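In: I would like the atomic coordinates for the input below:
(chains A and B)
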Protein chains: 2
Amino acid sequence: MILSALLTSVGINLGLCFLFFTLYSILRKQTGNVFVYAPRLVDKQKSEQQGDDFNLERLLPSASWVRRAWRISEEDLLSISGLDALVFTRIFIFSVKVFTFGGIIGIFILLPVNYLGNQLSIDDFYDLPNKSLDSFSISNVNDGSNRLWIHFSAAYIFTGAVCYLLYCEYLYISSKRIACFYSSKPQPHQFTILVRGIPSTCGRSFSEIVESFFMEYHSSTYLSHLVIHQTSRIRGLISDAEKLYRRLARIKSENHSKQNFKRDGFLGLFGRKVNLLDHYEKKLEDLEDNVRMEQYSLAGEEVPAAFVSFKSRFGAAVALYIQQGVNPTEWVTERAPEPQDVHWPFFSASFIRRWFYKLLGVVACIALTILFLIPVVVVQGLANLNQLGIWFPFLKGILSLTVISQLITGYLPSLVLQLFLFFVPPMMILFSSMQGYISLSQIEKSACTKVLYFTIWNIFFANVLSGSAFYQVNVFLEPKNIPRVLAEAVPSQASFFISYVVTSGWTSLSSELFQLIPLLCSLIRKLCSRRDGDEFEVPAIPYYCEIPTILFFGLLGVTYFFLSPLILPFLLIYFCLGYIIFRNQLLNVYAPKYETSGKFWPVVHNSTIFSLILMHVIAIGIFGLKKLPLASSLTIPLPVLTLLFIEYCRKRFLPTFKNYPTECLIKKDREDQNDPCMDEFYGKLVTAYRDPALMPVHYARNDDRRNSPLLHSEF
Amino acid sequence: MILSALLTSVGINLGLCFLFFTLYSILRKQTGNVFVYAPRLVDKQKSEQQGDDFNLERLLPSASWVRRAWRISEEDLLSISGLDALVFTRIFIFSVKVFTFGGIIGIFILLPVNYLGNQLSIDDFYDLPNKSLDSFSISNVNDGSNRLWIHFSAAYIFTGAVCYLLYCEYLYISSKRIACFYSSKPQPHQFTILVRGIPSTCGRSFSEIVESFFMEYHSSTYLSHLVIHQTSRIRGLISDAEKLYRRLARIKSENHSKQNFKRDGFLGLFGRKVNLLDHYEKKLEDLEDNVRMEQYSLAGEEVPAAFVSFKSRFGAAVALYIQQGVNPTEWVTERAPEPQDVHWPFFSASFIRRWFYKLLGVVACIALTILFLIPVVVVQGLANLNQLGIWFPFLKGILSLTVISQLITGYLPSLVLQLFLFFVPPMMILFSSMQGYISLSQIEKSACTKVLYFTIWNIFFANVLSGSAFYQVNVFLEPKNIPRVLAEAVPSQASFFISYVVTSGWTSLSSELFQLIPLLCSLIRKLCSRRDGDEFEVPAIPYYCEIPTILFFGLLGVTYFFLSPLILPFLLIYFCLGYIIFRNQLLNVYAPKYETSGKFWPVVHNSTIFSLILMHVIAIGIFGLKKLPLASSLTIPLPVLTLLFIEYCRKRFLPTFKNYPTECLIKKDREDQNDPCMDEFYGKLVTAYRDPALMPVHYARNDDRRNSPLLHSEF
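Out: Below is the predicted model:
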């Protein structure tokens, strides 16, 4: 790729971004889009205050939202969206810091050094627009040149700076985590643990066994327990009932509007609808009875797992951290998730089974990651011109047109890849939920790591080591050759990744702002003349999709920092854009569905360290290739020191992200002792972890009568 | 090596063993050797009952000790030597079981199959004595022969059997561990934890900080604490004083005997001795004063670490397993070792420093393991004939003799290797104690693993991959090639390892029985006319030396099981011998210095699993080499399944070897509640972890007056 081509691409994509920003600035003000662009406000029913009047201001773009997003303080963001959201925006702040520092070194020191080399070509020095981007990369520095020592020093300085920033950020987030804990109100999950592997005793129910065990060994702190039931069948029935209920509600509302406007409508048709209504209502009633019967009959079908609540946080911690039973596979304790975060469907309780599924999930994920490109390549192969011509002979005429053929050969393969990529995060969620995690947050965190590995493998390594999956795996089976192979392959892909940042990075962010899919859904709903309020739900930010993408761009930046510093300004723009856009869509769109108090941060930390070490490995290889073996050897301490740093951080910070210490727990417990609300809280705690499938159901008559009395009064 | 040579070697070594057994059977009955062969009995002062009379029976070998060693029940052994000793003998029982099973398959099925092949040679089938041992190994099976499927099945069956036995053994030992805990009396280390990284606060001593912290957060269970002091200087002084005291005691006892027998001795000499005595006594007094002054002045020099005792085991566990402070590197808790097991010298307390030393220990150990052979080879090179001839020209005449030259070239290199090997366990102990472990047991356990790695690397791999250290490391940097390289190299070393088992294995065991070095020491002491009772100490079994050796022989057996089953009967003899010998030297010689309650077992378990996986890797390689790629592929699930098995065991059993569960702790605590002795125990607990260096010293006058009143009354 030559410089002018890159500049053209940059221009087009900047234009697109500007267009998206402008369109968003206008569209967000239209009341009809409020469900797309401000569902959180709708949820708070603030939207009602907005008028539906037309005025010119609504058609003019304004940047007030950018200002607001930029200015809102971290405390406000914390109170609105929780610590997870704050940590999410910290990824951008951290990346901006890293790449500002890296960018200054890269652009003002390394880039000129690279450009002054003449390893690649000795063509016209001043013909800048037609220069290949490779002229700005390390490949252009002459072999054996002493200038490479500048790159060597840059690698050390940059690593030091990144580690320092990582340390500060870890310290900041862990202190925030403790502060949030101190300022939190009593919450059920702080007082509750999940116990699995309850040993069965002849003639006693699990409930009795749990009661007697905790009364025996935790008599002073034990409060209550709820044994988990096998409720997959009930859940199926309830889901059917809900669907039917919604359909019924829609039919009724349609009838209702028809009644208002077509009072003298065709009676026969109307009568048929009433019959249909009766039919559905009868069916719903039956379903509801079924649910009730199942709930009643399942009362005995216990699973050897239970949520056990304690009177104090410290009491729960004591039961959590000390092995309970003699057999370590029995009475296995685990921190309870927040009640709304519990993932009920998969409550496979046996130790061996959970273990097997866990393994299966890992194997499936590895298989998908390694073998992903095979079906993609096959489908892309099928989508080529000749194949299409053979399969659909009538297309032959069209296919012979140059524009069409170029479009198909140039665009279809990447479309197919994108289409396949689209399904990866849901699949990873599926694999993670197979692994027996008990909460959505755990599943998403696990899927986040999986998607990250997937992205690094199938976008970074697949492009760098262009070749079959087995060739790639092969490279990693010969660890000695890794530095050489990477050093040969990585720099040559610099221009690809620069254009990837510009096209995919910027555009994907703008589409995030634009909320393309919800916008389309909203339009379709409008075309079907249904209101947005039907089936309305405030979306939760899909961390498992977003974080891997952002981290992948971070990886590109760190890896290419000294290979081809040209990438850094583009990444800086990406992270600045991301910072504004996500702070905005956290304020208006996304609502937290759960709160892990920043447990995603260690993923970010480890990923950055991985990027650094990848950079070091490539550095070792490249100094070897560039005939400066001394620099190559002197780089070896760098990854070792970095590994020591991660090990230190693991000891210094990671425990804070896993447990709360005695000091905090007891302080919080003492605060509660004087709180008069605690009795009420204990009352709620006892039922907090009730399976929603075992709650009483009221879909049919009662509800209907309340919701649509007018309709019923007609008959 | 040919069969007849092996049989000769077996004959010689069996004869040697028999000789050692006979000599031991006679020597053990001599009263003079009681300090060598029954120091435990001496310690119990039972030796006094033995008469010193001469009788014929004392010169006749008897096998009663074999019978007793064989017959003693596990309960008796447990009560005499503790669980560690029992676990140690279980290694032999386990190995005997494994190799009996393996031996039956190997000798009766695999060996004939190997012998019937004719890959290696087509010489005379019936010329058995001149057959190479390789004819009995898998190398002799024809390439591509379907008979290899027998080996394939044997590998699966043997792995299954070993895993089953491992499971049973783990279950047995973990249940013993719990049973021992239940039957134990209250012991200080059950109620105590070690706290490190006490945060310093201006103007308050560590003792005050600890007191206030535990009074605040563990008020109901906290009993007392002892802050650790920096006492390395005092320890130096005390050690000097002890040496001086011993010297003084010896001089006095010599004088005393001279007085008895030479009352009219040369008075001048006698007078000089008295002056010397006075001088020494004055010096000892000074030293003692110094010690007291140091003890007094050091009272303030606290280290940020303390032993904290609790009123109950559960109270200690709660403080142990839950992170105490907000900063995870402060208030770091650790299980307290038994008081006599504490390793006082190295109490480096800062988190970073301990961490650095830990790392340094690992690096030193890896360096020693990988580079060990380099100095050995260099020294061996210097010890060759030409070099000796050049350095010591006067030896040239002797060196030209065939016998001498053969002895030097054939024997000296292995002697040099053995000499170097001799220093390895002490060095590993040094590295482990550098790593900041706080107890001898932890140091020995860590050294045990290190010596094991060392042995596997420098005896197994160095022989198999005969070549430079870097060549060996290189092999492991290309994991893909490992199966092929090992499959080519390992079978050819079968005869070497068979003779290694016969010569080194059997002889080293017999020397264990024979206690060569203590016997020599005892002889030397007798020649110096000093009694054995001086400086007498019952030795503790050096697990870190013994266990790696035994495990290494186990590794040989597992690895060669299907490659060259001829090794199995020799190993079986080794383990049977070991079983008798160690059960005997546990009864009479070794006294436990500490009790880890079988914490060594996981090392045995993991080492066996490692051997199995090594066998699988070699199997994969060898089926490939033997042109049976299907068998090679079908072997791949075997290591995977084995790894799953170890992972399962890790979850099922390992926690039991780390912690005692709530159930046990609370049950034991409740038992104690009704025990009237507990108040007395608490009283002792408060001072149990006092640094011996801070105890009052009494070497000079007082002690002397009591010990040797006669001498003093003379003056």
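In: use CA for all of it now, contacts and neighbours both
Out: OK.
In: can you get me a residue count around the spatially closest residue to residue A:357 that is not a sequence neighbour?
Out: Spatially, and ignoring its direct neighbours in sequence, residue A:357 is nearest to residue A:435 (5.2 Å; C-alpha to C-alpha, 6 or more residues apart in numbering or on different chains). Using other C-alpha atoms under 10 Å in any protein chain shown, the number of residues around residue A:435 comes to 23.
In: what distance do you get for residue A:435 to chain B?
Out: When distance is defined by C-alpha to the nearest C-alpha, to the nearest Å, residue A:435 is 16 Å away from chain B.
In: phi, psi for that residue please.
Out: Backbone torsions of residue A:435, given as degrees, to the nearest 10, read phi -80, psi 10.
In: Three-state assignment for the closest residue to residue A:399 other than its chain neighbours, please.
Out: Using C-alpha to C-alpha, 6+ apart and skipping residues adjacent in sequence, the residue nearest residue A:399 is residue A:405, 5.6 Å away. Using DSSP: H, G, I helix; E, B strand; the rest coil, the three-state assignment for residue A:405 comes out as helix.
In: neighbours of residue A:472, how many?
Out: By the other C-alpha under 10 Å criterion, the neighbourhood of residue A:472 contains 17 residues.
In: measure it to chain B for me?
Out: Computed as C-alpha to the nearest C-alpha, the residue A:472 to chain B distance reads 13 Å.
In: so who does that residue touch?
Out: A:461-462, A:465 (C-alpha atoms under 8 Å, 6 or more residues apart in numbering or on different chains).
In: tilt between whatever helix or strand it lives in and helix B:469-477?
Out: Remark: residue A:472 resides in helix A:469-477, with elements defined by DSSP states H and E. Inter-element angle recorded for helix A:469-477 and helix B:469-477: 150 degrees (by axes from the mean of the first three to the mean of the last three C-alpha atoms, to 10 degrees).
In: circling back: pLDDT wise, what is the residue nearest to residue A:399 at?
Out: Residue A:405 is assigned 71 on the pLDDT scale.
In: and the contacts of stretch A:581-591?
Out: For stretch A:581-591, the surrounding residues in contact (C-alpha under 8 Å, 6+ apart) are A:36-41, A:65-66, A:68-70, A:77, A:80-81, A:85, A:89, A:509, A:512-513, A:538-541.
In: ok so, going back, in TSV, list the contacts of residue A:472 along with pLDDT, neighbour count and distance to chain B.
Out: TSV is the format used below for those (pLDDT from 0 to 100; neighbours: other C-alpha atoms under 10 Å in any protein chain shown; distance: C-alpha to the nearest C-alpha, whole Å):
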residue	pLDDT	neighbour count	distance to chain B
A:461	85	18	20
A:462	82	18	21
A:465	79	19	19
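In: which residues in chain A form strands?
Out: Taking DSSP state E as the test, the strands found in chain A are A:192-196, A:222-229, A:302-310, A:332-335.
In: and the residue of the stretch 1-150 of chain A at minimum distance from chain B, how far from residue A:618?
Out: When you check the stretch 1-150 of chain A against chain B by C-alpha to the nearest C-alpha, the closest residue turns out to be residue A:83, at 18.3 Å. Taking C-alpha to C-alpha, to the nearest Å as the measure, residue A:83 and residue A:618 are separated by 36 Å.
In: so, low pLDDT: which residues of the stretch 251-400 of chain A?
Out: Per-residue confidence of the stretch 251-400 of chain A (counting by pLDDT under 70) places the weak regions at A:254-274, A:298-300, A:346-351, A:380-388.
In: get me the contact residues on it for chain B.
Out: Proximity of the stretch 251-400 of chain A to chain B is assessed by C-alpha under 8 Å from any C-alpha of the partner chain, with A:317-318, A:321-329 identified as the residues in range.
In: ok so, going back, give the contact list for the residue of the stretch 1-150 of chain A closest to chain B.
Out: Contacts here follow C-alpha under 8 Å, 6+ apart; on that basis residue A:83 touches A:177, A:180, A:595-598.
In: what about burial for these, which qualify?
Out: Restricting the contacts of residue A:83 to buried positions leaves A:177, A:595-598, with burial counted as 16 or more other C-alpha atoms under 10 Å in any protein chain shown.
In: going by distance to chain B, which of the residues you listed wins?
Out: Comparing every one of these with chain B (C-alpha to the nearest C-alpha), the shortest separation belongs to residue A:177, at 10.8 Å.
In: sorry, back to before: can you redo the buried ones among the contacts of residue A:83 as TSV with pLDDT?
Out: As requested, the buried ones among the contacts of residue A:83 are arranged in TSV below (pLDDT from 0 to 100):
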residue	pLDDT
A:177	93
A:595	87
A:596	88
A:597	87
A:598	88
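In: from the residues you listed, which two are the most distant?
Out: In terms of C-alpha to C-alpha, the buried ones among the contacts of residue A:83 reach their longest pairwise distance at A:177 and A:595, which sit 11.1 Å apart.
In: now residue A:401: how far from residue A:113?
Out: Using C-alpha to C-alpha, one obtains 47 Å as the distance from residue A:401 to residue A:113.
In: make that residue A:563, sorry
Out: According to C-alpha to C-alpha, residue A:563 and residue A:113 sit 11 Å apart.
In: repeat for residue A:155
Out: Here the distance between residue A:155 and residue A:113 works out to 15 Å (C-alpha to C-alpha).
In: cool, and residue A:68?
Out: When C-alpha to C-alpha is applied, the distance between residue A:68 and residue A:113 equals 41 Å.
In: comparing the two, which residue is more hemmed in?
Out: Remark: of residue A:68 and residue A:113, residue A:113 carries more neighbours, 20 against 14, as counted by other C-alpha under 10 Å.
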